[in-house]
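Asker: Sequence first, predicted model second:
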Amino acid sequence: MAKKAFALRLDEKMLSALQRFADDEFRSINGQIEYLLHEALKKAGRLPVAKKDNTEPDNEVGS
């Protein structure tokens, strides 16, 4: 799976809260943001459906 970099602007309070959240779950801030986005997309039903052979779709967000 290819990943693309992009700039994300956060205020200091949100960045600090994300850092504490990530630390609590032993993730980097980037990993925590990816995890939170993945969970939000899954909850909203916006992730691609897995293929019938039980393989992961190529464009699914990693956790």
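Answerer: Nice, I can see it.
Asker: All the helices of the chain, in order from the start?
Answerer: 12-24, 29-43 (DSSP state H).
Asker: Among the ones you listed, which comes closest to Lys4?
Answerer: helix 29-43 (12.1 Å; CB to CB). Heads up, the C-betas are built off the backbone N, CA and C, glycines and all.
Asker: quick check: mean pLDDT across that closest one?
Answerer: For helix 29-43, the mean pLDDT works out to 96.
Asker: Send over that helix as CSV, restricted to the C-alpha atoms.
Answerer: This file holds the C-alpha atoms of helix 29-43, laid out as CSV (Å, rounded to 0.1, in the frame of the first residue of the first chain):
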residue,chain,number,x,y,z
ILE,A,29,0.9,10.9,16.4
ASN,A,30,0.8,9.9,12.7
GLY,A,31,-0.2,6.4,13.6
GLN,A,32,-2.8,7.6,16.0
ILE,A,33,-4.3,10.0,13.3
GLU,A,34,-4.4,7.1,10.8
TYR,A,35,-6.0,4.8,13.4
LEU,A,36,-8.7,7.5,14.2
LEU,A,37,-9.4,8.1,10.6
HIS,A,38,-9.7,4.4,9.8
GLU,A,39,-12.1,3.9,12.7
ALA,A,40,-14.2,6.9,11.6
LEU,A,41,-14.3,5.7,8.0
LYS,A,42,-15.3,2.1,9.2
LYS,A,43,-18.0,3.5,11.4
